[in-house]
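fold the following for me, if possible:
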Amino acid sequence: MAGVAMFTLGGTIAMAGSRGDGAGGPVVARLSGADLTAAVPALGDVGVPLEVHDIEAVGSANLTFARIGALVESASQAVAAGAIGVVVTQGTDTLEETAFLVDLLWAHAEPFVLTGAMRNPTLAGPDGPANLLAAVRTAASPAARGLGALAVVNDEIHAARWVRKTHSTSTATFASPNAGPIGHVIEGRVRVLTTPARHRPLPLGELTVEQIRVALHTVTLDDDADGLAAQVETAQGLVVAGFGVGHVPAALADLLGTLAARMPVVLASRTGSGSVLRHTYGSIGSETDLLRRGLISAGLLDPYKARVLLRVLLARGADREAVVAAFEEHG
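Here you go, the predicted structure:
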């Protein structure tokens, strides 16, 4: 097919009806891809055919690395069959993580666009139809080729490596704090304003991640080493979301150094934007101290994306040198 392949995974964009008997009850995933496209007549004006594939109607909280790996494989097969782009509809709760995982794996020039909704179709002003239309337009646009995985929401085009969900309910929840959107959909036209460099994709294959445990520890005021030690007992890797530019309480420094001697420990910032520094502060528990103890800088990657990258690397058997190199490249 010389068109766009669309895969549906459920989420708010596909929710309608009520789990209870009366109106106004909690909505559940019920809409199919045909239902979603029927609500957007303007899809017919995009000028390319749309081939819909209904996958599992699952909330994004229940998505897994293995499911996303299988989705990437299906999307790759669609591209091999002639698709000029891919659109995936899913829940927004984990979209920033699934988009980054896809971006790590996607080896094609054809755009891979993820979208969703914040307002379900039973509410006034649902945003799903407009987001779907913008996503399909982006996937069909030659301007989006070579950009990897993209999140298209609210007529904004975001690179997967930078996009964050920043608000629990706002339709403008998705933002890229470190870079801003790389493009917009304006009057139906896809305008790409900047083209970020593509990173080398990781080899596509079965993601054997089930046995790989990567802990994520967010540092908090008066944090203690005992709780962290218990958290990582069965882990093969650890991401530490530190204060500010990459700081932790001094009481954690020795333990983190010990852990870094036996497994990769990645240092990120819990702030949601900005980079971990390398050599500005020198006290115990500072970024300089922690990197000297063997921690690996996440750079500009937020803790959630850092965990995605580390888990994929460990699932593929990467050694410490390869992990360091990957974070240098992606962070």
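
quick check on Thr64: phi, psi?
phi -130, psi 160 (degrees, to the nearest 10).

actually Val52, sorry about that
Backbone torsions for Val52, taken as degrees, to the nearest 10, come to phi -100, psi 130.

list the contacts for it?
Val52 makes contacts with 6, 8, 33-34, 37, as judged by C-beta atoms under 8 Å, 6 or more residues apart in numbering. C-beta here means a position set from N, CA and C on the backbone, and glycine is covered the same way.

also Ala39?
With contacts defined as C-beta under 8 Å, 6+ apart, Ala39 is in contact with 121, 128-129.

could you find the closest non-adjacent residue to Leu132?
Residue nearest to Leu132 in three dimensions, not counting chain neighbours: Val40, with 5.6 Å by C-beta to C-beta, 6 or more residues apart in numbering.

so Asp35 is in which element?
According to DSSP states H and E, Asp35 maps onto helix 33-38.

do you know the pLDDT at Ser18?
Ser18 carries a pLDDT score of 61 in this model.

buried residues in stretch 235-251, which are they?
The neighbour-count check on stretch 235-251 (16 or more other C-beta atoms under 10 Å) flags 235-243, 245-249 as buried.

tell me how far the ends of stretch 102-116 are from each other?
16 Å (C-alpha to C-alpha, to the nearest Å).

equivalent analysis for stretch 45-58, please.
30 Å.

rewinding a little: and which of the buried residues of stretch 235-251 is nearest Asp302?
Asp302 lies nearest to Ala241 out of the buried residues of stretch 235-251, by C-beta to C-beta, at 8.2 Å.

was I right about the closest one contacting Leu216?
Yes - with contact defined as C-beta atoms under 8 Å, Ala241 counts as touching Leu216 (6.8 Å).

what do those two both touch?
Common contact partners of Ala241 and Leu216 (C-beta under 8 Å, 6+ apart): Pro303.

hang on, the earlier thing: how confident was the prediction at the residue nearest to Leu132?
You'll see Val40 listed with a pLDDT of 94.

list the residues that contact it.
129, 132-133.

now Val102
Taking C-beta under 8 Å, 6+ apart, we find Val102 in contact with 68, 71-72, 88, 112, 114, 149, 160.

7 Å instead?
68, 72, 112, 149, 160 (C-beta atoms under 7 Å, 6 or more residues apart in numbering).

among those, which are in strands?
Mapping the contacts of Val102 onto strands (DSSP state E) picks out 112, 149.

pull out the buried residues from the contacts of Val102.
By neighbour count, with 16+ other C-beta under 10 Å, the contacts of Val102 hold 68, 72, 112, 149, 160 as buried.

need the residues you listed in TSV with distance to Gly188 and pLDDT, can you?
Listed next are the buried ones among the contacts of Val102 as TSV, based on distance: C-beta to C-beta, whole Å; pLDDT from 0 to 100:
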residue	distance to Gly188	pLDDT
Ile68	30	94
Val72	28	95
Phe112	21	98
Ala149	22	98
Ala160	23	98
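
can you list those residues in CSV and add distance to Ala179?
Shown next, in CSV, are these (distance: C-beta to C-beta, whole Å):
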residue, distance to Ala179
Ile68, 23
Val72, 24
Phe112, 19
Ala149, 15
Ala160, 12
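
which of the residues you listed sits closest to Val79?
In terms of C-beta to C-beta, no member of the buried ones among the contacts of Val102 lies closer to Val79 than Phe112, at 9.0 Å.

look up how far Pro201 lies from the closest one.
Using C-beta to C-beta, to the nearest Å, Phe112 is found at 11 Å from Pro201.

what touches both of these two?
With C-beta under 7 Å, 6+ apart, Phe112 and Pro201 have common neighbours Trp106.

retrieve the pLDDT associated with Gln211.
84.

residues in contact with it?
Contacts of Gln211 by C-beta under 7 Å, 6+ apart: none found.

for it, give its distance to Leu259.
Taken as C-beta to C-beta, the span from Gln211 to Leu259 is 19 Å.

ok, now Phe112?
35 Å.

for this protein, where's the lowest mean pLDDT among helices and strands?
Ranked by mean pLDDT, DSSP states H and E, the helix or strand of the chain with the weakest confidence is strand 28-29, at a mean of 72.

counting neighbours, what do you get for Thr89?
Using other C-beta atoms under 10 Å, Thr89 has 27 neighbouring residues.

what does the one 5 residues further on give?
Other residues lying near Thr94 total 20 when counted by other C-beta under 10 Å.

mean confidence score for stretch 216-233?
Mean predicted lDDT for stretch 216-233 stands at 94.

that one: which residues count as buried?
Buried residues in stretch 216-233 (16+ other C-beta under 10 Å): 216-217, 219, 225, 228, 232.

do stretch 140-152 as well
140-141, 143-144, 147-152.

just checking, what packs against the helix holding Asp35?
Judged by 3 or more C-beta pairs under 7 Å, 6 or more residues apart in numbering; DSSP states H and E, helix 33-38 is in contact with strand 4-8, strand 50-54.

before we move on, back to that, just the contacts of Val40 now: which is nearest Thr92?
Leu132 (13.1 Å).
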